[in-house]
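Q: Structure for this input, please:
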Amino acid sequence: MKFLSPSLILVAGGSLLLISAVTSFAFDVQVKPSPKIQALKSILFPTPTPVPTPSAELLAEKVLPPAGYTVNIKWGDIGKKLVESGAIDLAKFQENYKDPQYQEVMKYLTETQDKGITITQENSYFWINTLWALGLVQKSDVLDKGVMGTQYKKEVGNFASTGGWTLGAKPATKLYSTSQIIPLTSEQNQMVMRIAENIYRPCCGNSTAFPDCNHGMAMLALIQLMVSQGQSESEIYQAALAFNSVWFGQTYMDLAYYFKTKQGLDWDKVDPKTVLGQQYSSAQGYQNIKKEIEGAPQQPKSGGGCGA
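A: Modelled structure (predicted):
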């Protein structure tokens, strides 16, 4: 017994559907397809399965997990060095973070810590400022050889990340790229620059290689920390996305919604390096994406301000 090949079946089925359509049009006859034709039509032209719309709760659980995100590095005595360098005025920090919820993280400034950094929505305000201080004072090719240290060298104190720093014991211009708190080799500095150039933030159109606001300066410090301790680029991008997500919660919930509904990708399947690039994480890129996702679920406001 001979069987028709699948390709012949598809051709035959398509021909029957075409004949049915032509006959109906030419003679104004309502032709009701037989059950077999209807079954064949469903095989040839299946109805797309709709992508379920994720809820705000589901998005928040994926983008902003309650347990936060931990960077497995050794903090060591970096906090004490920040105080010694004048980048952090301990008395100002103690006044600023006198709420009991900051009691544990404040130990990162007064004690040696062998554990890593865990950022949550509750302690993100502490880490944005502590990392800001570190990014500001750390001797860096990004600060010395990048846009701020070359094109804007004479106006370097006029940026939000410099003029806006009010929690130090010295003026920001006296702190700017002055202390080797984190030891970095020439090759590591190059790696920092390369990664910084690809990590954007939705509060402006600049990459971390132009850290003109607190988020940029804090992200620079995070990159430097992880590079100095041998973390891979993929680990750094993963951590950077987690920190940006806490600092700009609604932005990254929107992006998670976009990838799920427009590209069928769950948040944990999206490439962090791609998301952090200019197309998605810059202010302009995010606004373009936002136009495509009207009605996306809303998340309670998270810390996206650019002041200390």
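
Q: so how far is residue 202 from residue 174?
A: 31 Å (CB to CB, to the nearest Å). Where you see a C-beta, it was placed from the backbone N, CA and C, and this is true even at glycine.

Q: between these two, who's got more neighbours?
A: residue 202 (25 against 13; other CB atoms under 10 Å).

Q: Kindly list the main-chain dihedrals of residue 70?
A: phi -110, psi 130 (degrees, to the nearest 10).

Q: Now for it: which residues touch it?
A: 116, 117, 118 (CB atoms under 8 Å, 6 or more residues apart in numbering).

Q: For those, pick the one with the most neighbours.
A: residue 117 (23 neighbours).

Q: Quick check: the gap between residue 83 and residue 290.
A: 41 Å.

Q: okay, those two: which has more neighbours?
A: residue 83 (19 against 16).

Q: can you tell me how far the more buried one sits from residue 124?
A: Applying CB to CB to residue 83 and residue 124 gives a distance of 21 Å.

Q: Please apply the same query to residue 216.
A: 16 Å.

Q: So residue 122 sits against residue 101, correct?
A: Yes: Residue 122 is within contact range of residue 101, at 5.9 Å (criterion: CB atoms under 8 Å).

Q: Low-confidence ranges, the stretch 1-150 of the chain, go.
A: 1-52 (pLDDT under 70).

Q: For it, just list every one of the strands.
A: 69-71, 117-119 (DSSP state E, counting those that start in this stretch).

Q: could you redo the ones you listed as JSON lines and give each row distance to residue 207?
A: Formatted as JSON lines, those follow (distance: least, CB to CB, whole Å):
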{"stretch": "strand 69-71", "distance to residue 207": "20"}
{"stretch": "strand 117-119", "distance to residue 207": "21"}
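
Q: Please name whichever of the ones you listed is nearest to residue 145.
A: Nearest to residue 145 among those is strand 69-71 (26.0 Å), distances taken as CB to CB.

Q: Any idea how far the closest one is from the middle of the chain?
A: 14 Å (CA atoms, centre = their mean, to the nearest Å).

Q: again, but for stretch 122-135
A: 16 Å.

Q: next one: stretch 131-144
A: Worked out by CA atoms, centre = their mean, stretch 131-144 lies 20 Å from the chain centre.

Q: in it, what's buried?
A: 131-143 (16 or more other CB atoms under 10 Å).

Q: what about residue 120, how many residues close to it?
A: 18.

Q: Could you list which residues are in contact with it?
A: 66, 67, 68, 246.

Q: how much space between the nearest residue to the second one once chain neighbours are set aside and residue 114?
A: What it means is residue 67. Spatially, and ignoring its direct neighbours in sequence, residue 67 is nearest to residue 120 (7.4 Å; CB to CB, 6 or more residues apart in numbering). From residue 120 over to residue 114 the distance is 20 Å, taken as CB to CB.
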